[in-house]
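Chemist: only the shape, not the letters, is given here:
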């Protein structure tokens, strides 16, 4: 996240850690990679690895099923939490429908003992970062990725988070000091350590567009030597899509949007690119930061999905740093935040979108579907229609009236219903089904959570069984 915009809070302080780890680390943990040499084999992860198909705007799992990326931000997970806490977090997120997490492999600042993990294990054996990785630290990191894999979670893993502006939040200054050759060697190390785990998407950069691109290229080359099949993306400076800064890079497999402004506008900009590259919403506002409410969380997620993104990543304070150094005056503990209103909204979103043939959705870029949006400029209606005309979705963040041309859908009778995005309940639209033609729709007041946002679902009557 754009952490320079946020004051650093006090560390959690006073929380004890078991000393047992220090006794067993050199023995038991050294066996982790050998015990799971074939990667995780849980049925939950049988569909990994994720794959790309030329000409498609989404990823597929190993069985060929379109993969809707529904992620949670957990930057400091590997460094901040012990194993018991890690299991609690991962099981909670999986139970809520999340299928991906965004994590730093090594944390520079935003953990209580950074760069060491919760057990005091530093990622490097000397004060010469990247030159001598500490195998015991990476044993624990691997264990975290394995646990995620066993629960069906993709790990978007940043091997060397550069840090906003290349400053003290991240590792860019150390990367420059290490040089390209050392960065490539480090890449080889982590690629070999994690290469047999098939639930990883590597995330280069990290809140920054590194001026010396060769440092990242060297790191990628090293990772590919040990993990040649893994997908690669990049997390750039705030306001930049991955493909904007890394255009033409042969290693970039997956694009993403990172913006604190209009997610709709940023997403439509990436959707319009030719040749296309699948993209997702990597980062926008976090719940409980900068006055961002559950409504903001829903708005940016639906705007991304209905503007061509193949998924999104949700963020919450204090979950991203797990009560470690990060935000001042966090409103709750990370354990309490697991059940935040925003988190619950994301479960509802997954339950609505995932069962649909969401991969058919095409943004209403030419305003043929929504012919008159009576909403406010800051919160416009965002609409998408299935390529076969079977269904359409319109997200109305401000609860204002919209005029819709139902003739854009397949069939002479169109079923319309309201979906409350805060709890998933369905409300009928009086008069539905409607004949093809222009109709006006006005949302039914406040939703369950007291906000004005609603999702309008439109389906050709003959497509009801397969569309929604």
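Modeler: Cool, the structure landed. Note that the coordinates shown come from a computational prediction; the quantities given were computed from them, not determined experimentally.
Chemist: residue 100 and residue 201: what is the separation?
Modeler: Separation of residue 100 from residue 201 (CB to CB, to the nearest Å) stands at 8 Å. Heads up, the C-betas are built off the backbone N, CA and C, glycines and all.
Chemist: identify the contacts common to those two.
Modeler: Common contact partners of residue 100 and residue 201 (CB atoms under 8 Å, 6 or more residues apart in numbering): 154-156.
Chemist: okay if I get those as a markdown table plus secondary structure and distance to residue 457?
Modeler: Output for the shared contacts of residue 100 and residue 201, formatted as a markdown table (DSSP: H, G, I helix; E, B strand; the rest coil; distance: CB to CB, whole Å):
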| residue | secondary structure | distance to residue 457 |
| --- | --- | --- |
| 154 | strand | 28 |
| 155 | strand | 33 |
| 156 | strand | 30 |
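Chemist: how about the helices of this protein, start to end?
Modeler: 20-24, 32-35, 77-80, 83-95, 135-150, 172-194, 213-226, 242-245, 263-271, 294-305, 334-337, 341-353, 464-467 (DSSP state H).
Chemist: quick one: low-confidence residue ranges for the stretch 301-450 of the chain.
Modeler: The stretch 301-450 of the chain contains residues with pLDDT under 70 at 327-330, 375.
Chemist: show me the contacts for residue 455.
Modeler: By CB under 8 Å, 6+ apart, the contact set of residue 455 is 302, 352, 393-396, 418-421.
Chemist: now, of the residues you listed, which are buried?
Modeler: 302, 352, 393-396, 418-421 (16 or more other CB atoms under 10 Å).
Chemist: looking at the helices of the chain, which is closest to residue 61?
Modeler: helix 135-150 (13.0 Å; CB to CB).
Chemist: and the pLDDT for the closest residue to residue 338 other than its chain neighbours?
Modeler: Among residues not flanking residue 338 along the chain, residue 92 sits closest, at 4.9 Å (CB to CB, 6 or more residues apart in numbering). In the prediction, the pLDDT value recorded for residue 92 is 98.
Chemist: got it, and residue 5?
Modeler: With respect to pLDDT, residue 5 has a value of 34.
Chemist: repeat that for residue 291.
Modeler: 89.
Chemist: run through the bridge partners of the residue nearest the centre of the chain.
Modeler: Closest residue to the average C-alpha location of the chain: residue 313 at 2.4 Å, with CA atoms, centre = their mean. Residues in a beta bridge with residue 313, per DSSP bridges, are residue 71.
Chemist: please report how far it lies from residue 347.
Modeler: 15 Å.
Chemist: same question, residue 259
Modeler: From residue 259 to residue 347 the distance is 24 Å (CB to CB).
Chemist: any idea how the chain splits into domains?
Modeler: Domain assignment for the chain by automatic domain parsing gives 3-355, 359-467.
Chemist: what about the last one, distance to the chain center?
Modeler: Spelled out, it's domain 359-467. Distance of domain 359-467 from the chain centroid (CA atoms, centre = their mean, to the nearest Å) equals 26 Å.
Chemist: wait, what's in contact with the residue nearest to residue 387 when sequence neighbours are not counted?
Modeler: Closest residue in space to residue 387, ignoring its immediate chain neighbours: residue 360 at 4.8 Å, by CB to CB, 6+ apart. Applying CB under 8 Å, 6+ apart, one finds that residue 360 lies in contact with 386-388, 390.
Chemist: make a PyMOL selection of the buried ones in these.
Modeler: Per 16+ other CB under 10 Å, the buried members of the contacts of residue 360 correspond to this PyMOL selection:
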select buried, resi 386+390
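Chemist: export the contacts of residue 360 to JSON lines and append columns for distance to residue 233.
Modeler: What follows is the contacts of residue 360, written out as JSON lines (distance: CB to CB, whole Å):
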{"residue": "386", "distance to residue 233": "27"}
{"residue": "387", "distance to residue 233": "25"}
{"residue": "388", "distance to residue 233": "30"}
{"residue": "390", "distance to residue 233": "31"}
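Chemist: which two of the contacts of residue 360 have the greatest separation?
Modeler: 387 and 390 (8.8 Å).
Chemist: is it true that residue 108 touches residue 170?
Modeler: Yes - counting by CB atoms under 8 Å, residue 108 does reach residue 170; the two are 5.1 Å apart.
Chemist: comparing the two, which residue is more hemmed in?
Modeler: Shown here are residue 108 and residue 170; by other CB atoms under 10 Å, residue 170 has more neighbours (28 against 24).
Chemist: that one touches residue 163, doesn't it?
Modeler: Yes - counting by CB under 8 Å, residue 170 touches residue 163, with 1.9 Å between them.
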